[in-house]
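please find the sequence and the predicted model below.
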Amino acid sequence: MHRNIRYAVALLLVLYLLSLPDKLFDLPYSTVVSDRNGELLGARIAADGQWRFPPCDSVSDKFGRCIVAFEDRHFYRHFGINPLSLARAVKQNIKAGRIISGGSTLTMQIVRLSRGKKRTLWEKLIESVLATRLECHYSKAQLLAIYASHAPFGGNVVGLDAAAWRYFGHSANNLSWAEAATMAVLPNSPAMIHVSKNREALRLKRNRLLKYLLDNKAIDKIDYDLALSESLPAEPLPLPQTASHLVTYYYKHNEGQHIVSTVDKNLQMQVEMTLDRRHSEFVRSDIRNLAAIVIDVPANEVIAYCGNVSATAVNRSSEQVDIIHAPRSTGSILKPFLYYVALNEGVILPRTLLPDIPLNINGFVPQNFNMQYDGAVPAAEVIARSLNIPSVWLLREYGVPKFYDFLKSSGMTTLKQAPSHYGLSLILGGAEGTLWDIAFMYAGMARSLTGHNSKYNPAAVWQVLDAIKEVNRPEDIDWRYIPSMHRIGWKTGTSYGFRDAWAMGITSRYVVGVWVGNANGEGKPELVGARTAGPVMFDIFNMLPSAPWFERPEGEFVEAVVCRQSGHLKGRFCDDADTVLIAPAGLRTDACPYHIGVNLSTDRRFRVYANCIAEGQSVVSANRFVLPPVWEWYYKQQHPEYKTLPPFMPGCGEDAKSPMAFIYPQPNAHIYMPAQLDGSDGELTFELAHSAANAIVYWHLDTNYLGQTVDFHNFTLRPSRGKHSLTVVDNNGNTLSTTINIE
């Protein structure tokens with residue numbers, strides 16, 4: 001008999017210990033996002049339509065005192081149930097003939113809220129048992145927090161945190177005594193007494209609670225009088241809508257959680273106002289969307305996240321697009337990374353001349369933004385001026401697959417196709433990227449120069465940033481002469497068809513990325529990076545603390561003697577050279593190929609070979625800077641100081657290299673010729689560069705003589721379909737041929 005009793009007691013004890021469910025509340029919660037300091041940025045409603053913030057860890061002292069005084073004055077002395085309160089409730093209910101009091105403690109109310117059952121005597125017994133079990137499992141402070149997180153506060157507002165924001169517009173940690181008292185009495189009968197219903201009854205209940213607190217010396221007379229003077233809240237307030245796209249991002253990826261982001265709310269609001277102000281200007285040109293991101297470089301954290309302009313500034317469907325994570329054509333924004341890998345792997349030096357001439361690669365014909373050619377441009381200037389043709393040439397030299405792999409390993413997540421799919425257009429916007437990825441790629445470069453871990457070579461990075469800090473600013477102000485201005489490295493990008501305008505700015509402390517355009521991809525002529533995204537980027541930098549420019553990394557460079565004109569390592573015939581610091585890989589680059597040694601007649605009108613000079617005559621040895629003919633043709637138009645080589649003295653030598661080169665077409669070009677509107681064959685204009693200013697050039701197609709040109713060597717004709725040989729001969733007998741395929 002005694003053994004059976006022991007078994008029964010043991011069984012009851014086990015059942016008691018296992019009586020609590022694994023999850024006390026199985027409810028959906030709102031998604032709540034705060035800034036780095038705990039300030040609420042915004043929230044998204046829970047799946048069941050309730051404003052129910054994720055459970056809090058604690059409650060403020062004011063609310064704790066108020067709720068205990070109003071709901072359960074013996075809370076800190078009982079073990080989950082209060083026998084005196086239960087007895088008093090039974091007596092009151094018998095006297096009234098109906099249930100007017102439940103005698104529940106706060107702990108029992110937690111059980112009732114979690115179970116959601118109808119009130120019966122049996123349910124009351126279960127609540128009492130489970131309440132004692134809760135008291136064994138949680139501290140009193142934890143129980144208060146659980147109650148505050150799940151108590152109803154009227155309408156679809158559940159929990160103290162949500163209620164504080166909905167009714168008072170601030171955190172529950174900052175409640176006044178009047179507000180705390182209001183919050184304490186609301187859950188008592190939220191369906192009957194509410195901020196918008198029976199307000200006078202609510203005010204009287206609040207004031208009675210405040211009087212009790214005064215009488216029990218929980219508050220003094222001054223606090224009491226001030227609390228009485230506070231009015232009740234009016235209609236529920238809307239929740240903050242700062243960084244709305246960031247809140248939506250977390251809602252999609254972390255639904256039902258309270259996320260403490262790295263965003264700084266004050267900066268976020270300033271950036272949002274800047275975007276809205278700029279939007280009011282851009283919308284006149286039917287440019288409707290802007291996005292910006294600010295990264296703290298040392299911390300590698302996002303401190304401002306504006307996925308688009310605000311809903312008040314643009315139509316709702318367009319505003320909903322979070323541009324920061326939307327793949328967009330990159331335009332020229334990736335060029336600094338190509339410059340970096342070329343420097344880092346010894347393909348070029350910072351001042352290496354790159355060709356800027358007409359280019360046709362299997363039908364791909366890149367053009368510079370200004371539709372002009374410079375012949376040859378130093379690599380650093382190519383990046384600063386964002387020239388397309390030299391960048392395409394450099395990518396071809398470096399290799400598309402290698403550059404593709406570098407971009408992916410650096411954090412570009414949008415390269416879903418094979419390298420061959422993008423080809424050389426990869427450097428001109430042929431691939432899509434996100435503002436998020438590219439901003440962090442720029443931040444990675446900055447971090448390599450600020451003493452933080454990074455995959456980038458600091459020497460090559462420093463040379464890249466040294467180049468892009470020289471870019472002219474949109475306000476036409478030279479920062480170098482204004483000490484108070486930020487020194488910023490920056491790069492813009494404009495996608496094909498004027499659909500996307502980019503700007504990326506970089507300092508030792510911040511990276512600012514901006515995108516401007518239309519979310520639906522509609523192009524506009526005004527959508528140019530330097531005219532739209534650039535000014536917005538500088539607006540944002542102007543509200544950030546200034547930061548010193550990067551210091552040149554010590555121990556990362558080697559000295560080298562570099563040809564001043566070509567930017568290559570000094571060659572045998574370079575007269576003008578500078579000793580500069582370069583990345584170690586630069587020592588592998590070629591010596592200058594553009595300086596040659598020549599013999600000139602004493603009047604310097606002719607080149608000669610020494611062995612053909614008559615007895616008694618002399619020659620002058622000289623080193624000359626000589627570019628390939630097509631380069632030279634355009635280069636000398638921009639550089640009047642450039643001197644072409646004089647011709648050979650008649651009968652005394654011939655050019656080892658042809659003084660001519662075809663500008664168009666390229667060798668073995670496949671040319672598609674559309675028909676004219678009348679159905680006839682289309683025309684084709686060939687172009688030739690000649691190093692001699694007054695040369696006469698004779699043109700031949702296959703075996704047919706076409707005619708001659710002087711000074712400007714262009715020839716228009718209508719070749720038939722098929723393969724042809726184009727041959728030119730100048731008045732000195734130099735010959736040049738190329739093959740073309742007409743399709």
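Looks like it came in fine.

now do the phi/psi pair for residue 633.
phi -60, psi -40 (degrees, to the nearest 10).

hang on, it packs against residue 689?
Yes. At 3.4 Å, residue 633 counts as touching residue 689 under the criterion of CB atoms under 8 Å. C-beta here means a position set from N, CA and C on the backbone, and glycine is covered the same way.

what mean pLDDT does whichever strand or helix holds residue 596 have?
Counting by DSSP states H and E, the element that carries residue 596 is strand 595-601. Averaging pLDDT along strand 595-601 gives 88.

helices or strands next to it in the packing?
Packing partners of strand 595-601 (3 or more CB pairs under 8 Å, 6 or more residues apart in numbering; DSSP states H and E): strand 619-625.

tell me the buried residues in the strand it packs on?
By 16 or more other CB atoms under 10 Å, the buried positions in strand 619-625 come out as 619, 624, 625.

closest to residue 356 among these?
The closest of these to residue 356 turns out to be residue 625 (CB to CB; 16.6 Å).

phi, psi for the residue nearest to the closest one when sequence neighbours are not counted please.
Nearest residue to residue 625 in three dimensions, chain neighbours excluded: residue 565, at 5.0 Å (CB to CB, 6 or more residues apart in numbering). Main-chain torsions, residue 565, degrees, to the nearest 10: phi -80, psi -40.

list just the nearest of the buried residues of strand 619-625 to residue 231.
residue 625 (83.9 Å).

right, and the helix or strand after the strand or helix carrying residue 162?
Per DSSP H and E, residue 162 falls inside helix 160-168. Heading C-terminal from helix 160-168, the first helix or strand you meet, by DSSP H and E, is helix 177-185.

any idea which helix or strand comes after that next one?
helix 199-215.

helices or strands next to that next one in the packing?
helix 61-71, helix 177-185, helix 221-229.

just name the most buried of these.
Using mean count of other CB atoms under 10 Å, the stretch among those with the greatest mean number of neighbours is helix 177-185 (a mean of 26).

which residues touch it?
If you take CB atoms under 8 Å, 6 or more residues apart in numbering as the criterion, helix 177-185 is touched by 60, 62-63, 65-67, 69-71, 153, 160, 163-164, 167-168, 172, 175, 193, 202, 205-206, 209-210, 213, 219, 223-224, 226-228, 230, 232-233.

got it, and stretch 735-743?
658, 660-662, 665-673, 684, 688, 719-729.

change it to 10 Å
629, 658-662, 664-673, 681-682, 684, 686, 688, 690, 697-698, 700-701, 718-730 (CB atoms under 10 Å, 6 or more residues apart in numbering).

of those, grab the buried ones for ChimeraX.
Applying 16+ other CB under 10 Å to these leaves a buried subset, and the ChimeraX line that selects it is:
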select :629,659,660,661,662,664,665,666,669,671,684,686,688,690,697,700,701,719,724,726,727,728,729,730
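
which of the contacts of stretch 735-743 fall in helices?
residue 629 (DSSP state H).

which of the contacts of stretch 735-743 fall in strands?
Per DSSP state E, strands hold the following members of the contacts of stretch 735-743: 660-662, 664, 669-671, 684, 686, 688, 690, 697-698, 700-701, 722-730.

you'd agree residue 613 is up against residue 607?
No. Contact criterion CB atoms under 10 Å: residue 613 and residue 607 do not qualify, at 11.7 Å.

between these two, which has more neighbouring residues?
residue 607 (21 against 16; other CB atoms under 10 Å).

who does residue 582 bridge with?
residue 558 (DSSP bridges).

burial count for it?
Every residue meeting other CB under 10 Å relative to residue 582 is counted, giving 22.

what residues are up against it?
Contacts of residue 582 by CB under 10 Å, 6+ apart are 343, 346, 349-351, 459-460, 463, 557-560, 562, 569, 589.

for these, which one is nearest residue 249?
Once CB to CB is applied, the member of these that ends up nearest residue 249 is residue 460, at 33.5 Å.

what about the closest one, neighbour count?
26.

what's the distance between it and residue 488?
20 Å (CB to CB, to the nearest Å).

flag the shaky bits of the stretch 301-450 of the chain, pLDDT-wise.
311-319 (pLDDT under 70).

in it, which spans are helices?
316-319, 335-344, 379-385, 388-398, 400-409, 419-422, 435-448 (DSSP state H, counting those that start in this stretch).

what is the third one packed up against?
Judged by 3 or more CB pairs under 10 Å, 6 or more residues apart in numbering; DSSP states H and E, the packing partners of helix 379-385 are helix 335-344, strand 353-356, strand 375-378, helix 388-398, helix 458-468, strand 489-494.

just say which of the ones you listed is most tucked in.
strand 489-494 (a mean of 26).

how far does it sit from its chain's centre?
13 Å (CA atoms, centre = their mean, to the nearest Å).

for it, give the mean pLDDT please.
94.

returning to that earlier point: tell me how far the strand holding residue 596 is from the chain's mean position?
53 Å.

ok, now stretch 295-304?
The answer for stretch 295-304 is 11 Å, by CA atoms, centre = their mean.

residues contacting residue 33?
40-44, 240, 242-244, 246-251, 254, 257-261, 263.

put the buried members of these into a ChimeraX selection.
The buried subset of these, as determined by 16+ other CB under 10 Å, is captured in ChimeraX by this line:
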select :40,41,42,43,44,240,242,243,244,246,247,248,249,250,251,258,259,261,263
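
remind me which residues of the stretch 101-250 of the chain are low pLDDT?
101-103, 191.

redo that, cut-off 90
For the stretch 101-250 of the chain, applying pLDDT under 90 flags the ranges 101-105, 108, 111, 114-138, 154-155, 187-199, 233-236.

quick one: mean pLDDT over stretch 729-743.
Mean predicted lDDT for stretch 729-743 stands at 81.

among the contacts of residue 33, name the ones in strands.
Those of the contacts of residue 33 lying in strands (DSSP E): 40, 41, 42, 43, 44, 258, 259, 260.

hey, what's the first one bridged with?
Same thing as residue 40. residue 34.

residues contacting it?
Taking CB under 10 Å, 6+ apart, one finds 32-34, 53, 161, 164-165, 169-171, 239-240, 242, 247, 258, 265 in contact with residue 40.

which of those sits closest to residue 533?
residue 242 (22.5 Å).

from residue 537, how far out is that closest one?
The value you get for residue 242 to residue 537, if CB to CB is used, is 21 Å.

now swap in residue 295 and tell me
Taking CB to CB, one finds residue 295 at 13 Å from residue 537.

any residues in contact with both of those two?
Common neighbours of residue 295 and residue 537 (CB under 10 Å, 6+ apart) are 512, 513.

neighbours around residue 705, how many?
Residue 705 has 11 nearby residues by other CB under 10 Å.

surely it is within a strand?
Yes. When DSSP: H, G, I helix; E, B strand; the rest coil is applied, residue 705 is found to be in a strand.

now that we have the contacts of residue 582, which of them are buried?
343, 346, 349-351, 459-460, 463, 557, 560, 562, 569, 589.

same list (the residues you listed) but as TSV, adding distance to residue 130.
Shown next, in TSV, are the buried ones among the contacts of residue 582 (distance: CB to CB, whole Å):
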residue	distance to residue 130
343	70
346	74
349	77
350	74
351	79
459	68
460	66
463	70
557	72
560	80
562	82
569	83
589	78
